[in-house]
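> model the structure of this input:
(chains A and B)
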Amino acid sequence: MFCMLTLFPRFALLQSLQFWRLLYSLLKQVHGGQCTESDAIDTQIRFVKSALWYHGYGRPELYWLPSDGSAGSRELLLAFSWLLHRIGLLEQLLARNRVRTGDETSVCTCEDDLPNSQKGRTEIAPEYSLEDKVDVRYLQWLNGRLRFQWRSLHALHQEQCKLLHKIHLFTSGSHMDKILGHFSVTETDLIRRPENYKQLLQFLESETIQLEAFLEWKQLEQVYWRWMETVLDNMSEEGSMCKSQDAHTKKSTLPKVDSCCHWAGSLTGKIDRLSRDLMTVHDQLQELVTRRKSAWYEKMKTREEELQKEEFCAAARKIQEAVQLKLLDLTYRCALRKKKMHGSCRLVFRSKHSASKTGFGRSVSKEPISTVSATEVIRELQMRKASLERELKQLQEECRQRMDEVAQGLDGVICISP
Amino acid sequence: MLCAISSGGEQWSWLPCPWRRAVGVGACEHPTLLRPQRPRRVVGLQGSQTCQCTAVLLVSTLCFTLPRDTEDEEQLKPDRSSSNEQESRPSPKELEELELLNRALEKALKVRKSILKTPPEARGGREGEKAANEGPAPKNAQVQQVLVSSEGVPVTTKVRAVNKKPTSSKKPSSYLLTAPYRTDPDVKKPHRKAPARCVSQAPRTVGKSPSKAVASKQARNHRLAISASNQEVCGAAESQKTTGLSKCALLEQQSVSVGDSARGKNLIAAGRQLFDAGKEGCGSLGESSRKEDHTTEDALGRNNSPRTDTLQEKGSQLKFPPLYRKAYSRNSRAWENCRLYQSSADAAAARNRFIERIQTTFCSPMPAFSPAEIEEEVKVMQDVPLLLRQCVEAERADHPTLQREYESLLTLEGLQTIASQCLHKLQLLREAAESQMRLCPDCTGDAGSCCPDYVPPRGQVCGSTGVLAVPLLCYSSLQELRDLFALKLQVSMLNQEIAIQKVMMAELLPVLESRLHPEVSAIQLYRAIYTQLCEGGKRFPVLVRDELLE
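From the prediction side, this is the model:
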């Protein structure tokens, strides 16, 4: 694909169909899906259109293109260029398909909704149809099995940690890259049995070629963008003539908001929930503030003279600054929360006393690779765990209350909770 | 299952043999598993089985003649296992049998070796002896369950050879027998303790020249790795581009020294597992999914000191093979160049010009946020209420001094401002979402079929520049690493529990509340549901009949 990019004038010769397919496969890759080549062209086109919409592409001409892929190669070209910039398409592709030889783990603390949650639900459902009665003991059994699996998984993870650590420890100091400092499991195995890793080598080499092509492209970038401007110019000249007619007809087909969309529904639901929570916090705060304020003014009334004193004013100013900093930090934290890494990181062992030896000094000269320390991640995980536990307890409390109500209905039985 | 229901205070999590529980409803009714006459029958089958099964059965035989040392082992056994516990030492007859079996194993191993034709096989034999010579070094039967995946097929042949290590039994409890891998893909894991102790044998990574046990270790590695790769899938693993072989290296490890008691336990667990599998005719044990197949590695501290030292000594002097080293350095240089490349100012200007111009051609009332941005912002805001609440809680305490009170007041006011700002932003986001819906291309036709085609990118937070470098996660001690993994698993577990809880609430509570269950005793149902919903399935309430009413 990169080779193609360096010969970009040929894009103009690409048939629309091919271009749609190209965009489809690229976007699918970027979004982590599997490219199902067998998809019909109109499915692919729909996917591309919704992807472009999702990222905020607003050129209506693209959305008006027919779904048999017969026209619009220049529109697609514009869209493609816009994507290049907007989501860093090339960089994302490179990153996604990167050959990973390190011990990877992810630090993402968010648990997104299950993918395909709508479709998935019917697939995950067990063999029982809704008419069959499901024994609650089956439920208990499943639950127990789940717990067992979790425990086994935990044990295995712990074993894995031990082994990883050993390898990291024992191979410290031998890696070519001093920032990493030690080998990963794959690399260690590679050293022992190089013949098993021929494919890895090939991948590595082809990746290097891709990277070099990318660099080449970057150097020619300017020409590309200037060319795109000319394309845009040409198109707007041609388009302005027939635009007025089309716009009128198209707009009438746009439906009302409340007709469909699962996406909007879930999102607005989230927003509403958030607003509700924030509203309660806000109201709480309001009440608290008014109460405190009145108490404060009461106090101040009796200490008029004190307020006039210089020291108090200076102290007050300092306090104000401190508070502002605190709040700023809070807003920063709010905003920054999700800027944390979501992808996978390479595990690197850096013992405390060897920190001085591992070439930190050298790495400072160039732009350092972003590093997260395990302590931070652990802290964040602990906070998340605490909040999740709270949520679970709350749910259980709610259940308990409802069960108590039910218990009142059961005559002759008293339920003593453990 | 049924037993569990009737015995009120029993906690699921502490049932001795979860693997039996996992088998299904009939689990409680298999007390026959450990009767002494089993081994006889097993041996009888020997002739008709393949070599693998032979070894399987052999191991199981051996296991049941082992002395039961510790009381921990008592826990492992089902309460109904009776007769085996009486045996404290294997009788001479059984020792003889053992010898026979060992010799049979040796033969089988030779057969495998000839199939494989790999040179290290002979070394494998030597290794076994050498290990056996290390008296105090613990030796356990290594029982491996292998999930046969398509990648594993070429590997498994090696694995077979590896596993048929002959044992030189000095004492009854020091069998060096290794069961072969299993061909059946769906054998359940026997015991939850087993994996905890199970440590895969480490291939000793000796620098350039492969050690004598390299082949065997490699094979074991591969096998372990296949299963490990499954665990990775189960866990929070990311898919890697490198082949499964690279995952094979995951469980490389140094020797594990396991105590005598553990050895015994492992054998028993292993044996039981094998036996169970054998009983089922080497078939799958029912509804175990692929994810449940774990390799059970009972630690074998076989190749203790020499191997450990090898990696330990030479680890810091290891070097990449030259071909790889060249490729690697080229690759990392290329990545560095890409990462550090700064677009020239002209290029950036040209690009921005184009983007501006194209954006002027967009639909004129473009919403303030693109759908991607809306989602992003909402995600960011998810934690805001919690943070604010925490801050409010912090400020609720009484403040001794005037200054503290003033500070607290200011803070609260500031928090209030932040809250209202966030609310305002949410309002904006909502409006943007609605206007985006008007523009949604899929909505131009059929209702209800739009947008689900598009799965928004996961984890696409960083901008384009940040993406070109793999960030590093640095840990400073083993404990940290363990905590990290443990916490990640716990967070994911909690998420799942919460989701399950919500679904169960939605499904089960209406059943109770509507009282449409004439055929089932309401009380039992109540108890079961109470446990699940309110106690997380761990504890049972006590239901007392209120006799006084009568």
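> in the longest helix seen in chain A, what's buried?
Longest helix in chain A, counting residues (DSSP state H): helix A:262-301. Neighbour-count burial for helix A:262-301 flags A:263-264, A:267-268, A:270-271, A:274-275, A:277-278, A:281-282, A:284-285, A:288-289, A:292, A:296 (criterion: 16 or more other CB atoms under 10 Å in any protein chain shown). Every C-beta, even on glycine, is put in place using the N, C-alpha and C of the backbone.
> any stretches of the stretch 251-400 of chain B with poor pLDDT?
By pLDDT under 70, the weakly predicted segments of the stretch 251-400 of chain B are B:251-309.
> if we use 90, what do you get?
Counting by pLDDT under 90, the low-confidence segments of the stretch 251-400 of chain B come to B:251-325, B:336, B:338-346, B:358-400.
> can you give me the strands in it?
For the stretch 251-400 of chain B, no strands turn up when DSSP state E, counting those that start in this stretch is the criterion.
> now do the helices in the stretch 251-400 of chain B.
B:260-279, B:305-314, B:322-340, B:345-360, B:371-381, B:384-396 (DSSP state H, counting those that start in this stretch).
> follow-up on the earlier one: tell me the angle the longest helix of chain A makes with helix B:371-381.
Relative orientation of helix A:262-301 and helix B:371-381, computed by axes from the mean of the first three to the mean of the last three CA atoms, to 10 degrees: 40 degrees.
> check whether helix A:262-301 contacts chain B.
Yes. Using CB under 8 Å from any CB of the partner chain, we find that helix A:262-301 touches chain B at A:262-264, A:267-268, A:270-272, A:274-275, A:277-282, A:284-286, A:288-289, A:292-293, A:296, A:299.
> same deal with stretch A:224-231?
Yes. Counting by CB under 8 Å from any CB, chain B has neighbours in stretch A:224-231: A:225-226, A:228-229.
> export that stretch as PDB, just CAs?
Taking Å, rounded to 0.1, in the frame of the first residue of the first chain, the C-alpha atoms of stretch A:224-231 are listed here in PDB:
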ATOM      1  CA  TYR A 224       0.600  15.200  -2.400                       C
ATOM      2  CA  TRP A 225      -1.300  17.900  -0.600                       C
ATOM      3  CA  ARG A 226      -0.800  20.400  -3.300                       C
ATOM      4  CA  TRP A 227      -2.100  17.900  -5.800                       C
ATOM      5  CA  MET A 228      -5.100  17.200  -3.600                       C
ATOM      6  CA  GLU A 229      -5.900  20.900  -3.600                       C
ATOM      7  CA  THR A 230      -6.000  21.000  -7.400                       C
ATOM      8  CA  VAL A 231      -8.300  18.000  -7.300                       C
END
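> excluding its backbone neighbours, what's nearest B:L509?
Leaving aside its sequence neighbours, B:L509 sits nearest to A:R402 (CB to CB, 6 or more residues apart in numbering or on different chains; 5.7 Å).
> make that B:Q496, sorry
A:L146 is the one closest to B:Q496 (CB to CB, 6+ apart), at 8.0 Å.
> how close does the one you found sit to A:M383?
Separation of A:L146 from A:M383 (CB to CB, to the nearest Å): 25 Å.
> for B:S332, same thing?
Using CB to CB, we find B:S332 at a distance of 35 Å from A:M383.
> next: A:S81.
42 Å.
> looking at these two, which is more packed in?
Ranked by neighbour count (other CB atoms under 10 Å in any protein chain shown), A:S81 and A:M383 place A:S81 first, with 24 against 14.
> export stretch B:424-444 as CSV, just CAs?
The C-alpha trace of stretch B:424-444 is given here as CSV (Å, rounded to 0.1, in the frame of the first residue of the first chain):
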residue,chain,number,x,y,z
HIS,B,424,-23.2,22.4,30.2
LYS,B,425,-20.7,20.4,28.2
LEU,B,426,-22.9,17.3,28.4
GLN,B,427,-25.7,19.4,27.1
LEU,B,428,-23.6,20.5,24.2
LEU,B,429,-22.6,16.9,23.5
ARG,B,430,-26.1,15.7,23.6
GLU,B,431,-27.2,18.3,21.1
ALA,B,432,-24.2,17.5,18.9
ALA,B,433,-25.2,13.8,19.0
GLU,B,434,-28.7,14.6,17.9
SER,B,435,-27.6,16.7,15.1
GLN,B,436,-25.1,14.1,14.0
MET,B,437,-28.0,11.7,13.9
ARG,B,438,-29.6,13.9,11.4
LEU,B,439,-26.6,13.6,9.2
CYS,B,440,-26.1,9.9,9.6
PRO,B,441,-25.9,8.4,6.2
ASP,B,442,-27.4,5.1,7.1
CYS,B,443,-30.5,6.6,8.5
THR,B,444,-31.5,7.8,5.1
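> helix/strand/coil for the residue nearest to B:Q496?
The local conformation at A:L146, judged by DSSP: H, G, I helix; E, B strand; the rest coil, is helix.
> from B:E405, how far out is it?
Distance, A:L146 to B:E405, by CB to CB: 51 Å.
> also A:A51?
Counting by CB to CB, the gap from A:A51 to B:E405 is 54 Å.
> with A:A386 instead?
29 Å.
> give me the element A:P418 is part of.
Following DSSP states H and E, there is no helix or strand that holds A:P418.
> tally of neighbours for it?
Each residue near A:P418 was counted by other CB under 10 Å, and the total is 12.
> name the element the residue lying closest to it once chain neighbours are set aside belongs to?
Counting by CB to CB, 6+ apart, B:R539 is the residue found nearest to A:P418 once chain neighbours are left out, at 4.2 Å. Element membership of B:R539, judged by DSSP H and E, is empty: it is in no helix or strand.
> neighbours around B:R539, how many?
Neighbours of B:R539 (other CB under 10 Å): 17.
> over to A:S172?
20.
> how close does it sit to chain B?
According to CB to the nearest CB, to the nearest Å, A:S172 and chain B sit 6 Å apart.
> count of neighbours near the closest residue to that residue other than its chain neighbours?
Of all residues not flanking A:S172 in the chain, A:H182 sits nearest, at 4.4 Å (CB to CB, 6+ apart). The number of residues packed near A:H182 is 23, by other CB under 10 Å.
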